[in-house]
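**Student:** Sequence first, predicted coordinates after that:
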Amino acid sequence: MFRRSLRLPSGAQYALTWAVEDEWGGMTSAMLHRSAAFARLTGEPVTVLTLDPDPHYPARIERLRADGRLPDGVTLVNMWDWLREHPLPHGRLRLDRHAFTPLAELPPQPAERTEERVRDGRVLSRARLAADGEILQTDHFRRDGSLLLSERRDTEERGRLGGKSVVLCDEKGAPVRSWGRIAHLYHAWLDALTARKRSFVIVDSKTTARWAIEYRRRHAVMMHVVHASHLVGTERPHGRLRESRRRVFEDLDGFDAVVLLTPRQRDDVVALLGPHAGLEVIPNSRDLPAAPPLRGRAPGHGVVLASLTRRKRVDHAMRAVIAAAAQGVDVTLDVWGEGEEHARLAALTGDRVRLRGYSPDAARTLEEASFLLSTSTSEGFPLVLVEAMAAGCLPIAYDVPYGPADIIRDGENGFLVPAGDERSLAAAITRLAGLPERERARMRRAAVATARRYSDEEVTRAWARAMRRARRRKSD
């Protein structure tokens, strides 16, 4: 419901990311939820922008609408679908520097192969790949089959291969504009989309942030959210920057604001790189259940909600439950998620541990579970901890940067465990299962109270304040 007391600064609202896929993780969940909260609480529409060339966005949008993840006021626009319907202005064309060789005009090479992306029987893109799978060229097409854009990644530059060319075509497939980098196409698209009117663009994807930091226009307030740790390993505050974060963190003032999810990460960034006026701290938010049950749950029933990747270390959670069960604790674990570790983790299942697969409704199990295990190597702000607490499900989490220690008070609203210590993880499970029911209920009440600090209303107000500060800094 629209709250008159909640107002965003005037201007169009955008959320920019690389992709919204059928199965997504915490970053996409947080981005979609934030966008929906903005629209619902302030009455301001939000447009989610994606850049990947996946041909299935129309069907995906229908599914997102049907399950409520793309509510009224939130629109999803994919760049390639937009370009198929809206011509960009013609501009500088340098075919002497930017090679234009449509795939239809190239003879096939024995060591290469092609792949097509198809929608409703129409080819929307065709890629030329090297023998090792590297993409050498992609041609994008309109629905009528005309050539929209040809991108090469193997042109000769300074006497060697590896140069790039991006050539835009008109409705007849004739070249009308060219660039040496795909990022310049993205910039041109944002120019056309925003029509140089005041806009607030929140960049969620770290991949997208590397080129969005170069989009500096007077009309556009650019804000980047750092959804995970900026450090390699667990060293803080002077650890090594992740290569995927280096482009942004070595130019923090390139964005009008850089939003970190916890105070500890903000303090570590300042200690490592010095103070910057545009650093903001805004946590992710969640809807809060009205009154989750605080009693009557099986004390030893636990869950994991995570993608099955090495970074999530789900095997630690599974082994800890098995170890607790071996000590006589009546404990079970349901693991919700999918990923490349599925086959390896399947070997650890049994009567006590079950792999449930991916489900968009997995979070609903938090109102039935006694505890949630979080065993990642690093986090930004683990939204699942807030979801669990709001549902009265007690988190047991590795104390990694960043997030768990900002949310959990050990022994009061959950448990913090030394990072990577499976024995301590099993001990925390055993401790929780052995508490009197009234003590578990007290901890669940404390967890629900903690989660209220991350309500949609409070977090949306924080975003509105940060946007106004960023706009003022840009105007100075």
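**Tutor:** Thanks, I have the structure now. Residues are numbered from 1 along each chain as shown.

**Student:** How about the contacts made by residue 367?
**Tutor:** By Cβ atoms under 8 Å, 6 or more residues apart in numbering, the contact set of residue 367 is 289, 292-293, 391-393. Backbone N, C-alpha and C define where each C-beta goes, glycine included.

**Student:** If you could redo that for residue 270, that was the one I meant.
**Tutor:** Under the criterion of Cβ under 8 Å, 6+ apart, the contact list for residue 270 reads 276, 279.

**Student:** which element is it on?
**Tutor:** Assigned by DSSP states H and E, residue 270 belongs to helix 263-273.

**Student:** Distance from that helix to the middle of the chain?
**Tutor:** The offset between the C-alpha centroid of helix 263-273 and the centroid of the whole chain comes to 21 Å, using Cα atoms, centre = their mean, to the nearest Å.

**Student:** need the helices for the stretch 251-400 of the chain, in chain order.
**Tutor:** Along the stretch 251-400 of the chain, the stretches classed as helices by DSSP state H, counting those that start in this stretch are 263-273, 314-326, 342-346, 383-390.

**Student:** Show me which residues of the second one are buried.
**Tutor:** Just to be clear, that refers to helix 314-326. By 16 or more other Cβ atoms under 10 Å, the buried positions in helix 314-326 come out as 314-325.

**Student:** swap in the first one?
**Tutor:** Burial within helix 263-273, assessed by neighbour count using 16+ other Cβ under 10 Å, is assigned to 264-266, 268-269, 272.

**Student:** So which residues of the stretch 51-200 of the chain form helices?
**Tutor:** For the stretch 51-200 of the chain, the helices defined by DSSP H, counting those that start in this stretch occupy 57-66, 79-85, 182-194.

**Student:** want to throw these into JSON lines with mean pLDDT, mean neighbour count and distance to residue 304?
**Tutor:** As requested, the helices of the stretch 51-200 of the chain are arranged in JSON lines below (pLDDT from 0 to 100; neighbours: other Cβ atoms under 10 Å; distance: least, Cβ to Cβ, whole Å):
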{"stretch": "helix 57-66", "mean pLDDT": "95", "mean neighbour count": "15", "distance to residue 304": "25"}
{"stretch": "helix 79-85", "mean pLDDT": "98", "mean neighbour count": "17", "distance to residue 304": "35"}
{"stretch": "helix 182-194", "mean pLDDT": "97", "mean neighbour count": "18", "distance to residue 304": "36"}
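
**Student:** show me where pLDDT drops low in the protein?
**Tutor:** For the chain, the stretches with pLDDT under 70 are 1-5, 157-162, 233-235, 238, 289.

**Student:** same thing but 80
**Tutor:** Applying pLDDT under 80 to the chain flags the ranges 1-5, 23-26, 156-162, 232-239, 286-291, 379-382, 476.

**Student:** Flag every buried residue along the helix ranked longest in the chain.
**Tutor:** Among all segments of the chain classified by DSSP state H, the helix with the greatest residue count is helix 456-475. By 16+ other Cβ under 10 Å, the buried positions in helix 456-475 come out as 456, 459-464, 466-467, 469-471, 474.

**Student:** Which secondary structure elements does that helix sit against?
**Tutor:** Packing contacts for helix 456-475, counted by 3 or more Cβ pairs under 8 Å, 6 or more residues apart in numbering; DSSP states H and E, involve helix 26-42, strand 199-203, strand 220-226, strand 257-260, strand 279-281.

**Student:** which residues are in contact with the next helix or strand after the longest one?
**Tutor:** Later in the chain than helix 26-42, the nearest helix or strand by DSSP H and E is strand 46-50. Taking contacts as Cβ under 8 Å, 6+ apart, the residues outside strand 46-50 that touch it are 12-20, 31-32, 35-36, 38-39, 57, 70, 73-79, 193.

**Student:** try 6 Å this time
**Tutor:** 13-16, 19-20, 35, 38-39, 74-78 (Cβ atoms under 6 Å, 6 or more residues apart in numbering).

**Student:** What of stretch 314-330?
**Tutor:** Contacts of stretch 314-330 with the rest of the structure, by Cβ under 6 Å, 6+ apart, involve 300, 304, 306, 308, 331, 333, 345, 348, 352-353, 373, 375, 422, 425-426, 429-430, 433.

**Student:** what pairs with the nearest residue to residue 55 once chain neighbours are set aside across the strands?
**Tutor:** Distances taken as Cβ to Cβ, 6 or more residues apart in numbering place residue 119 nearest to residue 55, at 4.1 Å, with adjacent residues excluded. Using DSSP bridges, the bridge partners assigned to residue 119 are residue 122.

**Student:** pretty sure residue 119 contacts residue 57?
**Tutor:** No - with the criterion set as Cβ atoms under 6 Å, residue 119 and residue 57 do not qualify as a contacting pair; they are 8.9 Å apart.
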